[in-house]
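how does the following fold in three dimensions:
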Amino acid sequence: MVTQDALPGMETAEELEGVVDSIVFASDDGRFSVFRLHLLKQHGRVNVTVNSVPPLVGQQVQLRGQWVVHPRFGDQFKATGMKIAAPSSVEGIERFLASGVIEGVGPAMAQRLVAKFGADTLDIIEKKPHLLEQVSGIGKKTATKIAASYRQQSELRDIMLWLEEHGVSGSYAARIFKQYSSFAIDVLETHPYQLAQEVEGIGFLTADAIAASIGVEKNDAARVAAGIDYALQQISLSGHCCIPDGALVEKSVKLLQVDAENVRKVLKKQLSLNRLAVEYMGGKNLIYPSWLYVAEKKTAEKLLYLQRAAEPLAVEEPFHLVEEWERNTGMELAGKQREAMASVLVHGIFVLTGGPGTGKTTVIRGMLEMLEAQGLEILLGAPTGRAAKRLAEATGRRAMTVHRLLEAQGGGQQDGGSVFAKDSEEQLEADAIILDEVSMMDIVLMQHFLEAVPDGCHVILVGDVDQLPAVGPGSVLKDILRSRVIPSVCLTEVFRQDGAGTIVLNAHAINGGRLPRCSPQGDFRFLENNDSARTADMIVELCTSVLPRMGFSPLSDVQVLSPMHRQDCGVDSLNRRLQAALNPRSPEKPEFVNSVQVFRLGDKVMQTRNNYTKQVFNGDIGFITAMEEDHVTVRYSEEQAVDYERSELVELQLAYAMSVHKSQGSEYPVVLLPLVPGHHIMLQRNLLYTAVTRAKKLVILLGSRAALHTAVMNDRTRKRYTLLAERLAQEI
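Below is the predicted model:
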């Protein structure tokens, strides 16, 4: 792999023309390749990098780009544009066929084909494949195979050419061909906006560029409809399930640069065709993408059904059973804890909430033992692997991620939904299910989970409603509580006064809008500094010298969190600095370098997307334990080590520092959190509360006192547009 740092003074675009000599590297996802180019106008060969699938060996290409220098491989040409022609010379045709790109043809067969047909070889393969049988070693079956393979390569080349001719990067060709095969050009020319819905990695903006290149007008109805869909997609990424029609029109007008009346007309048409959904509430028309409308509606229906239809337990005096459990275990419960344990024996669905130190874990263990005593088969789950591991450690029972419970198989692009083996047809086998950290679950995952819950099953949802909401759309836990329909108990009394007592008390203080009490030598510290760059220096110093002297491992015990990704104290910058300090470059350490980041043997890394084949999920953290020429190995636990091909490393990022959102569901001995003025747009109470509740032994806040004050006092959490609470209250 290569870096893409241009040499000083060499940023001016240059052009090269030549014949592709060989393919050095091609990523599986078609987003990056390296090839050797035999120059036509100059002498010699050069290495070329391009952010696309590679051209074919023997093809003649015209390149536009700049010269760059790789620290290991030297001068390379970074192509930013590429035009391709089929090989025309006899030598080029033979080299192309000998490369192995055509199934059934190797060097010897390529030589025989060119000897027989000369410069007409490719025309014969494409248009008269039956003539191939005249060549020794080719029968009817082989001739058909050669023709089919060449046709596929030819179609891929045609897509690349079409895209380049229309001013769009050819890097999308492989994905478009994979989706549409021989119909790809037809889709590009007649239905370009389908690409945004159906091809991974292509969004509205790319599809819009393609549409513009073929002359689609700005106010074309298909363009406006696609723009509305894109606006709704962006709205869902901000956590909303729906949006008032006026706000949607305004957002779409800004995106599309068309008249508002045109947008309203197309929106009305989409609603009449049921491509979008609408609910009237509070004097507003709220517009949904259809997949979120279905998710919200089905979630409400199943929650209400479970409330009515759970199998009644043969329990006459639930509070007597709770008291008996207290006597048998020697535990003395508070009133709310006792109420919660009795409630699960009565209700089909129940919600338990509470902050740190309020005894949720004790109640969960008690619920488990009491339900098991009733002969129920119980499943335990949580949204992330780390949250599931914590639940397993707390209960002594097996716990799985919700995705593993549902046997996730992968998913589609737009709706964020996965395909699950467990669903309404093939449901989970359980009499009761306990889910922890439910504040992290979005509406789509909750819909899929509830669909897999069998009739009569009891469901207990556990979480802390004051944590950050789910990254995905919806506010499921908050909306369930807001509806006041589903039975719930909120634990408020703080019991944990030892060990992490100051952390727990400060977390509740923050949640109540009070500044935390910090001590220079205590387990909750604030290191004041008004300069962001100096704050970053202090974080590195803490990790490299101060905390190790206190007995903490900077890799396994310490987690640096940040409200943002950019700036001196953002996740990206801190990761680079901490990697350099904790795992520096060395001749003995192999590394992988690309234009985005460096991975080195020993690095702490995080999986950034769900990979159902490898069974690793978004947020899982591990260490690079091996790095070979073609793959790296990441160890996530004693039981799980995962191999990644070089092209799959896009799924990983460094994890010396991570966002507060990514830390949800986890606990670390030590948490470091910068709070600097540059992060002001993200400084809010629930973010600070979430961050400090990740720590078990020590919290260190660094930055300005003004930023800390802003975070504590800012309780104006952004309203999410959802109607789950109203649906549960049956107000719709």
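
let me see the contact set for the closest residue to Leu286 other than its chain neighbours.
The shortest distance from Leu286 to any non-neighbouring residue, by Cβ to Cβ, 6 or more residues apart in numbering, is to Cys242 (4.1 Å). C-betas here are computed from N, CA, C, even on glycine. By Cβ atoms under 8 Å, 6 or more residues apart in numbering, the contact list for Cys242 reads Glu279, Leu286, Ile287, Tyr288, Leu292, Tyr293, Tyr721, Thr722, Leu723.

my guess is the fifth one meets Met446, correct?
No: between Leu292 and Met446 no contact is recorded; they are 11.9 Å apart, counting by Cβ atoms under 8 Å.

biggest helix in the protein by residues?
Ranked by number of residues, the top helix in the chain under DSSP state H is helix 140-165.

how far off centre is that one?
Put simply, helix 140-165 sits 34 Å off its chain's centre (Cα atoms, centre = their mean, to the nearest Å).

residues contacting the helix or strand where Phe526 lies, please?
Per DSSP states H and E, Phe526 falls inside strand 524-528. Here strand 524-528 makes contact (Cβ under 8 Å, 6+ apart) with 502-503, 506, 516-519, 538, 692, 698-705, 708.

related to what we said a few turns ago, from the contacts of Cys242, which land in strands?
Glu279, Leu286, Ile287, Tyr288 (DSSP state E).

does the second one touch Val278 like I think?
So the one you mean is Leu286. Yes: with contact defined as Cβ under 8 Å, Leu286 reaches Val278; the gap is 6.7 Å.

so which of the two has more stuff around it?
Using other Cβ atoms under 10 Å as the criterion, Leu286 and Val278 rank with Leu286 on top: 22 against 15.

report the contact partners of that one.
Cys242, Ile243, Pro244, Asp245, Val278, Glu279, Tyr280, Tyr721, Leu723.

so the nearest residue to Leu652 once chain neighbours are set aside, which of the three states?
Closest residue to Leu652 apart from its sequence neighbours, by Cβ to Cβ, 6+ apart: Val605 at 4.7 Å. Of the three states, Val605 takes strand under DSSP: H, G, I helix; E, B strand; the rest coil.

about what we covered before: just among the contacts of Leu286, which is most surrounded?
For the contacts of Leu286, counting by other Cβ under 10 Å, the largest number of neighbours falls to Cys242: 28 neighbours.

what score does that residue have for pLDDT?
Here, the pLDDT recorded for Cys242 equals 94.

now swap in Phe73 and tell me
68.

rounded mean pLDDT for the helix or strand Leu303 falls within, please.
If you go by DSSP H and E, Leu303 is part of helix 290-309. For helix 290-309, mean pLDDT rounds to 93.

can you name every helix or strand that it contacts?
Contact here means 3 or more Cβ pairs under 8 Å, 6 or more residues apart in numbering; DSSP states H and E; on that basis helix 290-309 packs against strand 276-281, strand 349-354, helix 443-451, helix 724-728.

what's the shortest one packed up against?
What it means is helix 724-728. Here helix 724-728 touches helix 290-309, helix 476-483, going by 3+ Cβ pairs under 8 Å, 6+ apart.

could you list every helix and strand in contact with the shortest one?
Spelled out, it's helix 476-483. Short answer (3+ Cβ pairs under 8 Å, 6+ apart): helix 476-483 packs on strand 349-354, strand 458-463, strand 488-491, helix 724-728.

give me the contacts around it.
Applying Cβ under 8 Å, 6+ apart, the contact partners of helix 476-483 are 299, 303, 351, 353, 438-439, 441-443, 446, 461, 463, 465, 469-470, 486, 488, 490, 722, 724-726, 728-729.

give me that answer again for 7 Å
With Cβ atoms under 7 Å, 6 or more residues apart in numbering as the contact definition, helix 476-483 has outside contacts at 351, 353, 438-439, 441-443, 446, 461, 463, 465, 469-470, 486, 488, 722, 724-725, 728-729.

equivalent analysis for stretch 602-613, please.
Stretch 602-613 has contacts (Cβ under 7 Å, 6+ apart) with 403, 408-410, 555, 579, 583, 589, 599, 616-624, 634, 651-656, 658.

which ones among these lie within strands?
Per DSSP E, the contacts of stretch 602-613 map to strands at 408-410, 599, 621-624, 634, 652-654, 658.

adding pLDDT, write these out as a markdown table.
Shown next, in a markdown table, are those (pLDDT from 0 to 100):
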| residue | pLDDT |
| --- | --- |
| Ala408 | 81 |
| Gln409 | 74 |
| Gly410 | 63 |
| Phe599 | 90 |
| Ile621 | 88 |
| Gly622 | 91 |
| Phe623 | 94 |
| Ile624 | 93 |
| Val634 | 93 |
| Leu652 | 88 |
| Gln653 | 89 |
| Leu654 | 93 |
| Met658 | 91 |
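
tell me the two of the residues you listed that are most distant?
The distance between the two most remote of these (Cβ to Cβ) is 29.0 Å, for Gln409 and Leu654.

these two - which one has more neighbours?
It is Leu654, of Gln409 and Leu654, that has more neighbours when counted by other Cβ under 10 Å, with 22 against 12.
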